[in-house]
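> Here is a sequence together with a model predicted from it:
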Amino acid sequence: MTRTPVNVTVTGAAGQIGYALLFRIASGHLLGADVPVKLRLLEIPQGLKAAEGTAMELDDAAFPLLRGIDITDDPNVAFAGANVALLVGARPRTKGMERGDLLAANGGIFKPQGKAINDHAADDIKVLVVGNPANTNALIAQSAAPDVPAERFTAMTRLDHNRAIAQLAKKTGAAVSDIKRVTIWGNHSATQYPDIFHAEVAGKNAAEVVNDEQWLADTFIPTVAKRGAAIIEARGASSAASAASAALDHVHTWVNGTADGDWTSMGIVSDGSYGVPAGLISSFPVTTKDGSFEIVQGLEINEFSRPRIDASVKELEEERAAVRELGLI
Ligand SMILES: NC(=O)C1=CN([C@@H]2O[C@H](COP(=O)(O)OP(=O)(O)OC[C@H]3O[C@@H](n4cnc5c(N)ncnc54)[C@H](O)[C@@H]3O)[C@@H](O)[C@H]2O)C=CC1
Ligand SMILES: O=C([O-])CC(=O)C(=O)O
């Protein structure tokens, strides 16, 4: 194989998502089965030993696509020449803690990382922020990287998107693969709005197939929006393998494109579409092609959806005000 390896930087590499993520990146699930990768693992000093253990296991798996692993606690080294950066390292939410509580704890991590990306990453860098609060952490990193096009900084709502597909498939008895055009709007938090009014189940409008607004309001939306908390309650730890899987989906779709007739959900810098104030990193329906994406335009937002989108966007505005106050943007 003559292809130049793609440099993939993963922060929080010794954490539980990192452990579920790295082996699948190395086996080709991030970029494709024919794309060699070099991994850069960024950890805090206390995490370096565990990251070294994971790197030993990666060696032991003898992945043909894996062309090297570097481990460091220096963001300037970790992001040097990076083509893809997965910003996972952060403090996970624990029982009873809301994402707002995490702003101050995690915000400080993302500013220096954004600056290191600005100064050292490759020109085609694509960034996915997974660490919570993901949208606002992405905003902090993006604000610290004025030389990188703002649209290269994205936040993960693909797990919410996938959760919404799974719940809709269960309700309708359809296969997951028959569900298209689900949208997550707003923040990756309990205020997010999973929207099925434009979605399809086996080619039919999903809201019409379900035909049960009470189920939408009282079951579907809260189940999807609070799924993270439900997993923590059940598992005693936050989602890890499903989060890793969604991170792979997010980047794979960004790089390789959405299927015809379908779209995905990504937290991206708003251009003002759908009344979301420009500059906020908010989740939208997007199509992707050749490594770039566009917001799906022209969707009618009905009376059920409008206040729900607005509520999540308001929360994002509050988070932005809070990190401004903390001097993080
Ligand atoms: N956007 C989403 O859909 C989801 C986001 N998450 C978030 O992902 C993040 C990671 O989750 P887990 O892997 O379960 O947490 P974890 O606690 O198992 O691992 C986090 C790792 O990050 C490392 N770390 C902390 N600060 C760092 C820094 N400045 N640089 C590099 N590494 C650093 C820690 O040492 C630790 O190894 C959490 O914020 C969690 O809330 C989790 C699930 C879904
Ligand atoms: O709720 C959490 O802290 C983890 C998370 O983001 C999710 O599972 O969606």
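In hand now; what should we look at? Ligands and ions are numbered 1, 2, ... in the order given.
> Please make it C-alpha for all contacts and neighbour counts, starting now.
OK.
> what's the helix-or-strand element of the chain with minimal mean pLDDT packed up against?
Every helix and strand of the chain was ranked by mean pLDDT, DSSP states H and E. The lowest is helix 99-120, at a mean of 86. Contacting helix 99-120 under the criterion 3 or more CA pairs under 8 Å, 6 or more residues apart in numbering; DSSP states H and E are the following elements: helix 75-78, helix 134-143, helix 305-325.
> Summarise which helices and strands the shortest one is packed against.
Spelled out, that is helix 75-78. strand 37-42, strand 66-72, helix 99-120.
> and the second one, which strands flank it?
When you say that, I think you mean strand 66-72. When pairs are called by DSSP bridges, strand 66-72 turns out to pair with strand 37-42 (parallel).
> if you look at the partner strand, does any of it touch ligand 1?
Yes - against ligand 1, strand 37-42 shows contacts by CA under 6 Å from any ligand atom at residue 42.
> For that strand, the averaged confidence score.
Strand 37-42 comes out with an average pLDDT of 98.
> Show me what secondary structure element comes after it.
helix 48-60 (DSSP states H and E).
> Buried ones in that next one, by neighbour count?
Buried residues in helix 48-60, counted by 16 or more other CA atoms under 10 Å: 48, 51, 52, 54, 55, 58.
> now the residues you listed in CSV, with distance to ligand 1?
Listed next are these as CSV, based on distance: CA to the nearest ligand atom, whole Å:
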residue, distance to ligand 1
48, 8
51, 8
52, 12
54, 11
55, 14
58, 17
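> Residue 272 and residue 128: what is the separation?
21 Å (CA to CA, to the nearest Å).
> if we can go back for a sec, so for ligand 1, which of the helices and strands packed on helix 99-120 sits nearest?
For ligand 1, the closest of the helices and strands packed on helix 99-120 is helix 134-143, at 5.4 Å, according to CA to the nearest ligand atom.
> Between helix 305-325 and the closest one, find me the angle.
Interaxial angle, helix 134-143 versus helix 305-325 (axes from the mean of the first three to the mean of the last three CA atoms, to 10 degrees): 50 degrees.
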